[in-house]
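Engineer: Have a look; sequence and predicted model below, questions after that.
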Amino acid sequence: MAANLSFYIAKRYFFSWKKKTIINIISILAVVAVMACTCSLIIILSAFNGMDTFVKNLFGKFDPHLTIVPTIGKSFESDATKIEHIKNLEGIAQVSEIIEDNALLKYKDRQVVVKVKGIEPAFLQAQFKAASISSGNASIYKDSTSFALVGLGVQNELALSRDSKNMYPLQYMYPKAGKIMGSLTPNLLNLENIRYAGSFSIERQYDETYTFAPLKFVERLTEMKNRRTAIEILVNDKSDIKKLKSTIQQYLGEEYIVKDSLDLHVSLLKAHNIEKLITFLIFSFILLIASLNIFFALSMLTMEKKKDIAIMKSIGFTAKAIRNTYLQIGYLVAVVGTGFGLVVGLLVVLAQQQFGLKSMGMNNGLISSYPVELRWLDFVFVATIVMLVTLLVSYIPARKAASINISQEV
């Protein structure tokens, strides 16, 4: 009964805005501040979620599902028995041996340092999505002729066009065994000519550096013979990746490391998560400052309602009941502000998803509007944080109200 009466009194104080006193104004500002912070947190977290998913999907167009690399060193001896064993595992779609290294790529009088990635043609066609090919196609071997697929940035740097397929060949240059790249002296370099197949566009980091060529071609260029820098794997069902990763790692032992797509970009994802955490903490601090409006409103309400508090004590209210009454006023501010903030944040995010209100500011970008993604756990997390902060700043004025001496006010 006392609890219900405390809540009734708190509700009357909170909603008694017929008289526009300074306390009412501060209370309204407190609700608006809580609402604004809650809304901002939802929008910002959704933006980070959207960018996180976008980055993962972006790299997913290029990255294999699993990659095997040596624990020590840059390359390892290819083992046909181990590769065949992996190919025969249930859930494996394709396996390809990889040779990847830096090389100099030349076309006519233009040249650029690139990463040349030797890969099996069938694997490349399965790995690439059609949307990734800007011009030409992903066929890097046809009628006993090798072709190179280059990033869009490399294409622009070398001034390649569709006509380049039938014109001059591309020329890769790679230091001979034991030599250091830096000199263009012919007798220090392996030179291999190749035809231009087309270009791809994934992400700037890859577009400006990566090129693809058949494995045997890159093997000749680098003189690696039976050595490989990695083995890349595609699976039938992405839900099996963790299981297959563990199975292959167990089979290969400590000499190799099996990585999934997230492992390949762990530094980037860590930086992204740290940025998300720091942003959240900054806005939580802003919320704490904004919630001081509640502190001032309750403090002033305590001074204004001293006689009411004295009457409440005289009719049997304990100090705890009075403290809870004022805490519930803070609770009402938190509930109303948080509720409106969550709804507004939800509507803004949905509007961004539907109409693309905020543009990325790139005319030729992979996406036109800023990506956002709703995660309901964020709503729970934000609501919890806002409620805790609001109740925290409500505690001191509530305790002060409970400590008022009745003999001084009657």
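Structural biologist: Happy to help now that I have it. This is a predicted model, so every value here is computed, not measured.
Engineer: Which stretches in the chain count as helices?
Structural biologist: With helices called from DSSP state H, the chain shows them at 2-15, 22-60, 80-87, 121-127, 152-158, 204-207, 215-222, 241-252, 261-264, 266-290, 292-304, 306-314, 319-355, 376-402.
Engineer: Could you state which residue of this structure sits nearest its centroid?
Structural biologist: Asp52 (1.9 Å; Cα atoms, centre = their mean).
Engineer: re the thing from before, kindly reformat the helices of the chain as JSON lines containing mean pLDDT and distance to Asn137.
Structural biologist: To be clear about C-beta, it is placed using only N, CA and C from the backbone, and glycine gets the same treatment. Listed next are the helices of the chain as JSON lines, based on pLDDT from 0 to 100; distance: least, Cβ to Cβ, whole Å:
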{"stretch": "helix 2-15", "mean pLDDT": "63", "distance to Asn137": "67"}
{"stretch": "helix 22-60", "mean pLDDT": "82", "distance to Asn137": "21"}
{"stretch": "helix 80-87", "mean pLDDT": "95", "distance to Asn137": "26"}
{"stretch": "helix 121-127", "mean pLDDT": "82", "distance to Asn137": "9"}
{"stretch": "helix 152-158", "mean pLDDT": "93", "distance to Asn137": "14"}
{"stretch": "helix 204-207", "mean pLDDT": "84", "distance to Asn137": "17"}
{"stretch": "helix 215-222", "mean pLDDT": "95", "distance to Asn137": "17"}
{"stretch": "helix 241-252", "mean pLDDT": "95", "distance to Asn137": "28"}
{"stretch": "helix 261-264", "mean pLDDT": "84", "distance to Asn137": "24"}
{"stretch": "helix 266-290", "mean pLDDT": "80", "distance to Asn137": "30"}
{"stretch": "helix 292-304", "mean pLDDT": "75", "distance to Asn137": "62"}
{"stretch": "helix 306-314", "mean pLDDT": "75", "distance to Asn137": "81"}
{"stretch": "helix 319-355", "mean pLDDT": "87", "distance to Asn137": "33"}
{"stretch": "helix 376-402", "mean pLDDT": "84", "distance to Asn137": "42"}
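Engineer: Would you mind giving those as CSV with distance to Lys108 added?
Structural biologist: Output for the helices of the chain, formatted as CSV (distance: least, Cβ to Cβ, whole Å):
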stretch, distance to Lys108
helix 2-15, 77
helix 22-60, 32
helix 80-87, 39
helix 121-127, 26
helix 152-158, 8
helix 204-207, 21
helix 215-222, 20
helix 241-252, 43
helix 261-264, 34
helix 266-290, 36
helix 292-304, 68
helix 306-314, 89
helix 319-355, 46
helix 376-402, 53
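Engineer: Gln94 is nearest to which of those?
Structural biologist: helix 121-127 (5.2 Å; Cβ to Cβ).
Engineer: Give me the contacts around the closest one.
Structural biologist: 62, 64, 93-96, 119, 138-141, 149, 212, 214, 232, 234 (Cβ atoms under 8 Å, 6 or more residues apart in numbering).
Engineer: Can you turn the buried part of those into a ChimeraX selection?
Structural biologist: In ChimeraX, this line selects whichever of the contacts of helix 121-127 come out buried by 16 or more other Cβ atoms under 10 Å:
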select :62,64,94,95,96,119,138,140,141,149,212,214,232,234
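Engineer: does the residue nearest to the centre of the chain really touch Lys270, like I thought?
Structural biologist: No - using Cβ atoms under 8 Å as the test, Asp52 is too far from Lys270 to be in contact (11.8 Å).
Engineer: Of the helices of the chain, which is nearest Val69?
Structural biologist: Of the helices of the chain, nearest to Val69 by Cβ to Cβ is helix 261-264, at 9.6 Å.
Engineer: Give the other helices and strands that the closest one contacts.
Structural biologist: Helices and strands touching helix 261-264, by 3 or more Cβ pairs under 8 Å, 6 or more residues apart in numbering; DSSP states H and E, are helix 22-60.
Engineer: angle of the helix it packs on against helix 376-402?
Structural biologist: Put simply, helix 22-60 runs at 160 degrees to helix 376-402, going by axes from the mean of the first three to the mean of the last three Cα atoms, to 10 degrees.
Engineer: for helix 22-60, packing partners?
Structural biologist: helix 261-264, helix 266-290, helix 292-304, helix 319-355, helix 376-402.
Engineer: Would you mark the buried spots in that helix?
Structural biologist: Result for helix 22-60 [16+ other Cβ under 10 Å]: buried residues 23-24, 26-27, 30-31, 33-52, 54-55, 58-59.
Engineer: How about stretch 103-111?
Structural biologist: For stretch 103-111, by 16+ other Cβ under 10 Å, it's Ala103, Leu104, Leu105, Lys106, Tyr107.
Engineer: Ignoring the adjacent residues along the chain, who's closest to Tyr107?
Structural biologist: Setting aside the residues directly before and after it, Tyr107 is nearest to Leu158 in space (Cβ to Cβ, 6 or more residues apart in numbering), at 4.3 Å.
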